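*Asks:* coords please:
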Amino acid sequence: MSGHSKFANIKHKKEKNDAAKGKIFTIIGREIAVAVKEGGPDPSNNFKLAQVIAKAKANNVPNDTIERGIKKASGENGGADYKYMTYEGYGPNGIAIIVDALTDNINRTAANVRSAFTKGQGNVGTPGCVSFMFDKKGQIIIDREECDMEPDDLMMIALDAGADDFTEEEDSFEILTDPDAFADVVNALEENKIATVSAEVTMIPQNYVTLTDETAIKNLQRILDLLEEDDDVQAVYHNWDE
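*Replies:* Residues are numbered from 1 along each chain as shown. I've put the predicted structure just below:
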């Protein structure tokens, strides 16, 4: 991530999502349901649930909404049976794209994902075709203007909680963690009343690709927009340097 700040992109995406806050709540609600079904309702004994709760708090999901989701998933009728699916493929000019979905209808989701790639002149590949170009990491972004703490003090809080790396950018701080340490680091920041712009376990590209062709950019944006509009899609990762 050296020299590549995602702060502006994340702020833009959050502003876009503010108009569709319901989708964020739906995404996290599904993740809570699956985590509870797989590991039970206690986040201290359910690592995946602890990760989802940390993500929920970073997205300003109210505590009572989180608790209702856990309670609902713990009941006899825990809702639909969702499955995690991952799709990998290529956009224009070989841009690598990974799509994480959580669906109760695999055939529908697969068709929608394939259609999105096709409409943007891309194609879905085989499992593993692009994931080797990414590293799975907990990523936490903090707005520099919203943080009163000295950078060295913030770095020590993050590292003491288990973070792997701390980077200062002109407008933000970026904290990277192993996925296993993500929830601990988010909780440490919360205890110190440090607000985050974004906090999630994500796929970070090892290298970024710049596009200059306007048609390629337009087609890639179409793929990304169609995927992000799909209710089954939880997250989209790519190595385009926007």
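*Asks:* which helices and strands sit right next to the longest helix along the chain?
*Replies:* Assignment by DSSP state H gives helix 21-39 as the longest helix of the chain. Judged by 3 or more CB pairs under 8 Å, 6 or more residues apart in numbering; DSSP states H and E, helix 21-39 is in contact with helix 47-58, helix 63-74, strand 96-103, strand 233-238. All C-beta atoms are positioned from the backbone trio N, CA, C, and that covers glycine.
*Asks:* which residues in this protein form helices?
*Replies:* So, for the chain - with DSSP H - the helices run 7-18, 21-39, 47-58, 63-74, 106-119, 151-160, 182-191, 214-229.
*Asks:* between the ones you listed, which gets nearest to Lys137?
*Replies:* Closest to Lys137 of the helices of the chain, according to CB to CB: helix 182-191, at 8.4 Å.
*Asks:* list the buried ones in that closest one?
*Replies:* Neighbour-count burial for helix 182-191, with 16 or more other CB atoms under 10 Å as criterion, is recorded at Phe182, Ala183, Asp184, Val185, Val186, Ala188, Leu189.
*Asks:* count of neighbours near the nearest residue to Ile28 once chain neighbours are set aside?
*Replies:* Closest residue in space to Ile28, ignoring its immediate chain neighbours: Ala56 at 4.8 Å, by CB to CB, 6 or more residues apart in numbering. Using other CB atoms under 10 Å, Ala56 is surrounded by 23 other residues.
*Asks:* just list the residues touching Ala56, thanks.
*Replies:* Going by CB atoms under 8 Å, 6 or more residues apart in numbering, Ala56 touches Ile28, Ile32, Thr65, Ile66.
*Asks:* so the first one makes contact with Ala58?
*Replies:* Which is Ile28. No - look at Ile28 against Ala58 with CB atoms under 8 Å: they stay out of range, at 10.0 Å.
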